[in-house]
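Q: Any chance you could fold what I've pasted below:
(one chain, ligands or ions: 1)
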Amino acid sequence: MKKIGIVALGRYLPEKKLTNADIEKIVDTTDEWITTRTGIKERRIAADGELTSHLAIAAAKDALRNSPVKAEDIEAIFVATVTPDSAFPSMACLVQKELGATKAFAYDINAVCSGFLYAMTTAKQFIATGMIKNALVIAADRFTTLIDWKDRNTCVLFGDGAGAAVLGLVEHGGILSDFMIANGQGAPLMGVVPDKIRGPYDTTVDTAKLPYVVMNGQELFKHAVPGMAEAVNIAAQKAGITVHDLKCVVPHQANDRIIASVAKRAGIDKERFFINIDKYGNISAASVVVALCEAVEAGRIKKGDKIALVVFGAGLVAAANIIEWSY
Ligand code: UT7
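A: Below you'll find the predicted structure:
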């Protein structure tokens, strides 16, 4: 079996910050509530006219700056997103055009907050079969465009951003195991309504009413904790290691209390989790790859370290990977 790993990482976060103090002016909430219940202090908001494709392209360029594989040699591009600029063309094709990655095939993947790991594992399988030698995997969301800014249950939680990874063949380490799972029974817990906004013959639908996210936070919390703890354990088992061998765990950043509970349930010291939710909130699929990028930059992950990535999202969908870091 070939060794396949991440060979470069990048990220892009829009400049504009929306602090808890700013949100206090919009809905009935407090910095204290948001901080203690979620760990979030601020989030980034895409500028007017800054679309998901722009976030994705900026993150991809950042990854390629540090990559041994150049844009013209990239053979596949996957973009995990739930906020494409439009229904089609895919964000992956827009990235391909902008990068001049003319040898690549390209398509988008929708697995909401688990999107990056779903896309990375998809890319890894193509490389493992020998069909391609490398891939560019991007997660990008302008998630705040789906937010009802009158709903304090959701508007405090999310932000915009993008992260990217180049996957290729590696000499040492690489992705040691993959685990992905879905539970559609939990689909009603989070989604975007109204879902019939453009029904073909329904003239009664108010098309001016924009779609927005609704979420049963408490129930999702109850699913997220066992879902993520189990995913890490299964991925560790598949890699032939125990969670005690993990130097760092990079989780989806939905809530600091979820991360604390996952740590406890999985039997891993919370100190080993990399957390940056305070700066960005929940950036959907991009959360885990932006956090991974920052964990490597901060020296929390070094060559030879065994680490876990673990995510959970609406769907419900969960995933985890164990990686032995290659550079
Ligand atoms: O990304 C993947 C999917 N998303 C998730 O995984 C999110 C999972 N869920 C969560 O992170 C948490 O459930 C939330 C952060 C969404 C909510 O935290 P909670 O501790 O579960 O709060 P709650 O919904 O139980 O609400 C507690 C109280 C309620 O008031 P009462 O009924 O006790 O009087 C809410 O109305 O807090 C109130 N509340 C707020 N108060 C101030 C809810 N949102 C706010 C707010 N500011 N923004």
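
Q: Would stretch 38-47 count as contacting the ligand?
A: Yes. Interface with the ligand: stretch 38-47 contributes Thr38 (Cβ under 6 Å from any ligand atom). Where C-beta positions appear, they are placed from N, C-alpha and C, glycine not excepted.

Q: what comes into contact with that stretch?
A: 13-20, 31, 34-35, 54-55, 142, 144-145, 156-161, 255-257, 259, 275, 277-283 (Cβ atoms under 8 Å, 6 or more residues apart in numbering).

Q: Only whichever of these are buried, select them in PyMOL.
A: Listed next is the PyMOL selection for buried residues among those, using 16 or more other Cβ atoms under 10 Å:
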select buried, resi 13+14+18+20+34+54+55+142+144+145+156+157+158+159+160+161+255+256+259+275+277+279+280+281+282+283
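
Q: From the contacts of stretch 38-47, which land in helices?
A: 20, 31, 34-35, 54-55, 256-257, 259, 277-280 (DSSP state H).

Q: and stretch 65-84, how far apart are its ends?
A: 24 Å (Cα to Cα, to the nearest Å).

Q: For the residue lying closest to Leu94 once chain neighbours are set aside, list the residues it contacts.
A: Using Cβ to Cβ, 6 or more residues apart in numbering and skipping residues adjacent in sequence, the residue nearest Leu94 is Ser53, 4.3 Å away. Residues near Ser53 by Cβ under 8 Å, 6+ apart: Pro84, Asp85, Met91, Leu94, Val95, Glu98, Ala140.

Q: Repeat that for Trp149.
A: Counted by Cβ under 8 Å, 6+ apart, Trp149 has contacts Ile26, Val27, Cys155.

Q: what are the ranges of the helices in the protein?
A: Counting by DSSP H, the helices of the chain are 20-24, 31-38, 52-65, 91-99, 115-128, 152-155, 217-239, 256-266, 277-280, 286-297.

Q: got those helices as TSV, with mean pLDDT columns?
A: Below are the helices of the chain laid out as TSV (pLDDT from 0 to 100):
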stretch	mean pLDDT
helix 20-24	96
helix 31-38	98
helix 52-65	98
helix 91-99	98
helix 115-128	98
helix 152-155	93
helix 217-239	97
helix 256-266	98
helix 277-280	98
helix 286-297	98
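
Q: Out of those helices, which one sits most buried?
A: Of all those, helix 286-297 carries the top mean neighbour count, a mean of 26, counting by mean count of other Cβ atoms under 10 Å.

Q: Next to the ligand, which bits of the stretch 201-327 of the chain? Give me the list.
A: Counting by Cβ under 6 Å from any ligand atom, the stretch 201-327 of the chain sits next to the ligand at Gly217, Gln218, Leu220, Phe221, Ala224, Ala254, Asn255, Ile258, Asn282, Phe312, Gly313, Ala314.

Q: can we see that at 5 Å?
A: Gly217, Gln218, Leu220, Phe221, Ala224, Ala254, Asn255, Gly313 (Cβ under 5 Å from any ligand atom).

Q: can you redo those as TSV with distance to Ala298?
A: Formatted as TSV, these follow (distance: Cβ to Cβ, whole Å):
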residue	distance to Ala298
Gly217	29
Gln218	33
Leu220	29
Phe221	28
Ala224	25
Ala254	21
Asn255	21
Gly313	25
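
Q: ok and the residue in the stretch 1-150 of the chain nearest the ligand?
A: Thr29 (3.2 Å; Cβ to the nearest ligand atom).

Q: nope, the stretch 151-300 of the chain is what I meant
A: Counting by Cβ to the nearest ligand atom, the stretch 151-300 of the chain gets nearest the ligand through Gly217, at 2.8 Å.

Q: which two in the contacts of Ser53 are spaced the farthest apart?
A: Pairwise distances across the contacts of Ser53 peak at 14.8 Å for Pro84 and Glu98 (criterion: Cβ to Cβ).

Q: Return the set of residues that bridge with Ile175.
A: Ile323 (DSSP bridges).

Q: low pLDDT regions in the stretch 51-200 of the chain?
A: 194-200 (pLDDT under 70).

Q: if we go to 50?
A: Along the stretch 51-200 of the chain, the model assigns pLDDT under 50 to no residue.

Q: Pull up the residues of it that are close to the ligand.
A: Close to the ligand, as judged by Cβ under 5 Å from any ligand atom, the stretch 51-200 of the chain has residues Cys113, Arg152, Asn153, Val156.

Q: Am I right that the last one is in contact with Asn20?
A: This points to Val156. Yes. Between Val156 and Asn20 there is a contact at 7.4 Å, judged by Cβ atoms under 8 Å.

Q: what is in contact with the two at once?
A: With Cβ under 8 Å, 6+ apart, Val156 and Asn20 have common neighbours Thr29, Ile34, Ile40.
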